[in-house]
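[1] missing the sequence, but the structure's below:
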Ligand SMILES: Nc1nc2c(ncn2[C@@H]2O[C@H](COP(=O)(O)OP(=O)(O)OP(=O)(O)O)[C@@H](O)[C@H]2O)c(=O)[nH]1
Ligand SMILES: [Mg+2]
C-alpha cells in the first residue's frame, strides 16, 4: 500500500507500518568470546527462545549455531560460536576453527567479555588476533548483574585501549539488561538487502542436532570431571508418530568402560535422570510428547572419528 494514502483517509499517521516501508536489512552477527563468557545465553535472549544449550561449565558449545530474529525491517542472523581458547585436542582445534570462521563470515562481530572475570588469557589472545586481522568489533561487557558499575568503567577503558571497539555495550544476557540497546544498534548497522531466511525461521540447526544438544547439556550439568569433555551425543533415529508424539533414539559415546558405568550410574539411576530432564526439556521445545531412548556406547577413539565431527557439523581436518 503506498504510504501517501495514510494522510488522505482517516488512518492516523502512527499506524503507518514502518517495517513495511523502510528498506529491508539483513546480515550475520557473530557472538565470539572466551569459553563461558555467556554467548549462548545471549543468543537465546536475542532470539527470544532457547536454541543453544547453556551450562556453568566452559566449552559447552561445540559448533556454530544460527539464531534468526526479526527487528523491524531487519533480519538479524546471530551466530553462536564455541568459546575461543588455546586448543589441545583435535576437537578443541575444530571448535576454535568453527568460532573464527563464524567471525570471519559475519557482517558484525560482538566480542563478549565476562565482566566479573575481566580480561583472562583467552580474551587476551582473542584481542591480539582481532588486532592482527585489523578487525573491528563491538564490545559487550556481559554479566553486569555480577559487578559494581565503577569496575565496569575501568574494564571498558582497559579494553578500549587494546582493541578497535565501536561501540561498547554493558549488558546482562541473564537479566536482559542493556540487550535492547545492543539489538537496536545491530539492526541499524546491518547492510540493506533482502532477508536471507523465511520470516518465521529461527535457526539453521536440524531438530536432530538440537535434540542431541539437549542431552549433552544434561551430561554437562549432571556429570563431573572429564565426562562432559570425553563424551558426545548423536541422534540416531527420529520417528514422528501418528499420535503426534516423537520417538527419539540417541547414543552417548564415551571413551572408556569406566565412563560408561558413571553415565549409567548405580542401577541405571544416572542415565534415567539425564533422560528425564532431557525429555522434559525436549517436550517444551518441540511442544509435543517425546519418547527418548538413550544408549551408551564405548568408542575409545571417538575424538579421532571423522563421523563424530560430521555429526557435530565440525571440520575434521583443521
Ligand atoms: N550472572 C550472569 N550469569 C550469566 C550471564 N550470562 C551467562 N551467564 C552464565 O554463565 C555461564 C555460561 O553461559 P553460556 O551462555 O553457556 O556461556 P558461553 O559463552 O556460551 O560458553 P561456551 O559455550 O562454553 O563457550 C552459565 O552458567 C550462564 O548461566 C549473565 O549475564 N549474568
Ligand atoms: Mg555456548
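    The structure has been received and is ready for your questions. Since the model is a prediction, treat every value here as computed from it, not as a measurement. Ligands and ions are numbered 1, 2, ... in the order given.

[2] per-residue confidence averaged over the helix or strand where residue 124 lies?
    Element membership for residue 124 (DSSP states H and E) is helix 121-132. Averaging pLDDT along helix 121-132 yields 95.

[3] quick one: contacts of the lengthiest helix in the chain?
    Longest helix in the chain by number of residues (criterion: DSSP state H): helix 269-286. Outside helix 269-286, the residues that touch it by C-beta atoms under 8 Å, 6 or more residues apart in numbering are 50, 207, 210-211, 214-215, 217-219, 221-223, 246, 248, 262-265, 289-294, 296. The C-beta positions use only the backbone N, C-alpha and C, and glycine is treated the same way.

[4] Tell me the secondary structure at the spatially closest residue to residue 252 that is not a sequence neighbour.
    Nearest non-adjacent residue to residue 252, counting by C-beta to C-beta, 6 or more residues apart in numbering: residue 296, 4.8 Å away. Under DSSP: H, G, I helix; E, B strand; the rest coil, residue 296 falls in the strand class.

[5] Correct me if wrong: residue 296 contacts residue 256.
    No. Contact between residue 296 and residue 256 fails when scored by C-beta atoms under 8 Å: they sit 11.3 Å apart.

[6] quick one, which of the two is more surrounded?
    Taking neighbours as other C-beta atoms under 10 Å, residue 296 and residue 256 compare with residue 296 leading, 19 against 13.

[7] Enumerate every residue touching that one.
    If a contact means C-beta under 8 Å, 6+ apart, then residue 296 has 251, 252, 254, 260, 263, 264, 271 as its contacts.

[8] distance of it from residue 279?
    The gap separating residue 296 from residue 279 is 16 Å, by C-beta to C-beta, to the nearest Å.

[9] So which residues on the stretch 1-150 of the chain come close to ligand 1?
    Applying C-beta under 6 Å from any ligand atom, one finds that the stretch 1-150 of the chain approaches ligand 1 through 33, 35-41, 54-56, 58-61, 82-83, 142-143, 145-146.

[10] try it again with 8 Å
    Residues of the stretch 1-150 of the chain lying close to ligand 1 by C-beta under 8 Å from any ligand atom are 31, 33-44, 52-61, 80-83, 112, 114, 116, 142-146.

[11] re the thing from before, how about the longest helix of the chain: buried residues?
    Residues 270, 271, 274, 275, 277, 278, 279, 281, 282, 285, 286 are the ones in helix 269-286 that count as buried (16 or more other C-beta atoms under 10 Å).
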